[in-house]
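> Here's a sequence, model it:
(2 chains)
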Amino acid sequence: MRRNGASGRDGQEAEPILLVADLVKTHRVDGSVVRAVRGVDLRVEPGEFVAVTGPSGAGKSTLLHLLGGLQRPDSGRIELDGRRVDQLGEARWAVLRRRRIGIVFQFFNLVSTLTVADNVELPGLLAGRSARQVRARREELLDELGLAGKEDSTPQDLSGGEQQRVALARALVNRPSLLLADEPTGSLDSKGTREVLGLLTRYHDQGQTIVLVTHDAGVASAADRVVSLFDGRVTDDVRFAEPPTLQGAAGAVVRLTG
Amino acid sequence: MRFALLALLAKGPAHGYELKQALESRLGAAYPQLNIGQVYVTLTRLEKSGLIRGQDVEQAGRPNKRTYELTPAGHEAVAAWLEDASDEPRVRDEFFMKLALAGDTGLADPVGLINKQRRHYLNLMRAMSRLAGVDQPGNPFPRLLVEGAVLHLQADLDWLEKCQEELE
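Predicted coordinates for the structure are as follows:
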């Protein structure tokens, strides 16, 4: 299936999922001022998979936290689905995070006392859906994510990769417009990393809009668009339209001799 | 390519096309295919220098094919090759030369060069992450080669980051 392109229907420009203008956030740490995000503009179209990358301290995580309403900007604006959200209060952001935004974190942030099934269903129930609807969606997601049969496990019974897949199911249970992922593979081994990236790619192929933050270029390369953040500013933004040439690709990096 | 061919022949006699296929299957589709003409030229040179011995084998209805085997001198050459630590330069890099001299020419801006180069590395990284068929049962080398390429690209990207920090 073709993913939703940025060009939209009938040649008309589609409404962006996310529109960020001149976003600024300053942290105060031990009396000194850290300008974490220094005037970021970003427009994310429906169906895009965007990786935000850069060195540690570049402001990537702060930016993601601002987009998810986990921190408030000092200035600038954020529009989600055409609505301004940066000035909303905590309660309204909590509603948005249940309905419009799914978030996946580096350390999964699952509720350790709840089963896998309950972890996934909770945001669905909190969003006011019927128990029957939510259970059906949970079954569908766990199935897609290769977690069928793990419903009654608790997070500590699972591997890191499995826990992140549960977190992904939880983030997607309400079919959010925007999936945010903060270093989602940062605490996984290479097998878990491949699994989670493969799943993100699959949901992207089905039309899910994703913004992923990572310091790892290998992870960023799963996306179609890479935004480079440096010192709190966007220094590059590239869309990769063409699939890369695969045959012999390693030869462009390593030349074996002998 | 001469030592690679000698090493393959250490396993037993083979003709040129078999050697090409053997090396390609060991390294996997992520590595470029060998030029068969270059394989034949190299075999001819190795034979002249006494490291391999060729023998024509008649084929019904087709031209003869030439099968090669290692000579004792060839065995020694392979052993010596495997014995020595590889001391070639680890990285050949044109980009850094451009970066170091761009300012003098007044023709390009360093951060622009860095961004362009980063895009190139990211695109190569995209290829690495989309390569299929590198997991082969019984042959870890295609996967290991791709992992090596990814680590090198990561190092190149980190290097760009350092350069950007200094030059911006």
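> got the residues of chain A near chain B?
A:54-55, A:197, A:216-218, A:220-222, A:226, A:228, A:230-231, A:235-236, A:238, A:240, A:243-254, A:256-258 (Cβ under 8 Å from any Cβ of the partner chain). Glycine gets a C-beta too; all of them are placed from N, C-alpha and C.
> does the residue nearest in space to the middle of chain B count as helix, strand or coil?
Per Cα atoms, centre = their mean, the C-alpha nearest to the average position across chain B is that of residue B:31, at 7.1 Å. At residue B:31 the chain is in coil, as set by DSSP: H, G, I helix; E, B strand; the rest coil.
> Per the annotation, how does chain B divide into domains?
Residue ranges for the domains of chain B, per automatic domain parsing: B:2-83, B:95-167.
> Turn the ones you listed into a markdown table, including distance to residue A:68 and mean pLDDT.
Below are those laid out as a markdown table (distance: least, Cβ to Cβ, whole Å; pLDDT from 0 to 100):
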| stretch | distance to residue A:68 | mean pLDDT |
| --- | --- | --- |
| domain B:2-83 | 37 | 95 |
| domain B:95-167 | 25 | 92 |
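> circling back: just list the residues touching the residue nearest to the centre of chain B, thanks.
Contact analysis of residue B:31 by Cβ atoms under 8 Å, 6 or more residues apart in numbering or on different chains lists A:248, A:250, A:251, A:256, B:24, B:142, B:145.
> Okay, buried residues for the lengthiest helix in chain A please.
Assignment by DSSP state H gives helix A:190-205 as the longest helix of chain A. Using 16 or more other Cβ atoms under 10 Å in any protein chain shown as the test for burial, helix A:190-205 gives A:192, A:193, A:194, A:195, A:196, A:197, A:199, A:200, A:201, A:203, A:204.
> Verify the stated contact: residue A:26 with residue A:39.
No: with contacts counted by Cβ atoms under 8 Å, residue A:26 stays clear of residue A:39, the gap being 11.5 Å.
> Going along the chain, name the helices of the chain.
No chain in the question, so chain A it is. A:60-67, A:90-99, A:116-126, A:131-144, A:160-172, A:190-205, A:217-220.
> Oops, wrong one, chain B.
For chain B, the helices defined by DSSP H occupy B:2-9, B:16-27, B:36-48, B:72-83, B:95-105, B:110-130, B:141-167.
> Run a quick neighbour tally on residue A:254.
By the criterion of other Cβ atoms under 10 Å in any protein chain shown, residue A:254 has 16 neighbours.
> Who's the closest spatial neighbour of it, skipping the chain neighbours?
Nearest non-adjacent residue to residue A:254, counting by Cβ to Cβ, 6 or more residues apart in numbering or on different chains: residue B:149, 5.2 Å away.
> before we move on, the earlier item: which one of the helices of chain B has the most crowded surroundings?
Of all the helices of chain B, helix B:2-9 carries the top mean neighbour count, a mean of 21, counting by mean count of other Cβ atoms under 10 Å in any protein chain shown.
> near chain A at all, it?
Yes: using Cβ under 8 Å from any Cβ, we find that helix B:2-9 touches chain A at B:2, B:3, B:4, B:7.
> Which other helices and strands does that helix contact?
helix B:16-27, helix B:36-48, strand B:62-70, helix B:72-83 (3 or more Cβ pairs under 8 Å, 6 or more residues apart in numbering or on different chains; DSSP states H and E).
> how about the ones you listed in JSON lines, adding distance to residue B:153?
Below are these laid out as JSON lines (distance: least, Cβ to Cβ, whole Å):
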{"stretch": "helix B:16-27", "distance to residue B:153": "18"}
{"stretch": "helix B:36-48", "distance to residue B:153": "27"}
{"stretch": "strand B:62-70", "distance to residue B:153": "37"}
{"stretch": "helix B:72-83", "distance to residue B:153": "28"}
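> could these be laid out in JSON lines, adding distance to chain A?
Formatted as JSON lines, the helices and strands packed on helix B:2-9 follow (distance: least, Cβ to the nearest Cβ, whole Å):
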{"stretch": "helix B:16-27", "distance to chain A": "7"}
{"stretch": "helix B:36-48", "distance to chain A": "11"}
{"stretch": "strand B:62-70", "distance to chain A": "15"}
{"stretch": "helix B:72-83", "distance to chain A": "7"}
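> how about the helices of chain B, which one is nearest residue A:46?
Residue A:46 sits nearest to helix B:110-130 of all those, at 21.6 Å, using Cβ to Cβ.
> Run through who's touching the closest one.
A:197, A:217-218, A:220-222, A:226, A:228, A:235-236, A:238, A:240, A:243-246, A:249-250, A:252-253, B:30, B:95, B:98-99, B:102-103, B:146, B:149-150, B:153, B:156-157, B:160, B:163-164, B:167-168.
> ok so, going back, residue A:104: which of the helices of chain B is closest?
Using Cβ to Cβ, those put helix B:110-130 closest to residue A:104, at 18.6 Å.
> Could you tell me which residues within stretch A:94-105 count as buried?
A:96, A:97, A:98, A:99, A:100, A:101, A:102, A:103, A:104, A:105.
> What of stretch A:165-181?
Buried residues in stretch A:165-181 (16+ other Cβ under 10 Å): A:165-174, A:176-181.
> End to end on that stretch, go ahead and measure it.
Its start and end residues considered, stretch A:165-181 measures 12 Å (Cα to Cα, to the nearest Å).
> before we move on, what about stretch A:211-218?
15 Å.
> contacts for that stretch?
A:18, A:44, A:49-56, A:60-61, A:63-64, A:67, A:178-186, A:200, A:219-220, A:222-223, B:121-122, B:125, B:128-129, B:150, B:153-154, B:157.
> wait, what's in contact with residue A:193?
Going by Cβ under 8 Å, 6+ apart, residue A:193 touches A:161, A:185, A:219.
> Out of the residues you listed, grab the one that's most surrounded.
Neighbour count (other Cβ under 10 Å) singles out residue A:185 as the most crowded of those, with 26 neighbours.
> Check it and give its pLDDT.
According to the prediction, residue A:185 has pLDDT 93.
> ok, so what distance separates it from residue A:60?
14 Å (Cβ to Cβ, to the nearest Å).
> Tell me how far residue B:97 lies from residue B:123.
Residue B:97 sits 21 Å away from residue B:123 when distances are taken as Cβ to Cβ.
> end-to-end on stretch B:42-58?
End-to-end for stretch B:42-58, by Cα to Cα: 22 Å.
> likewise stretch B:79-90?
Start-to-end, stretch B:79-90 (Cα to Cα) is 22 Å.
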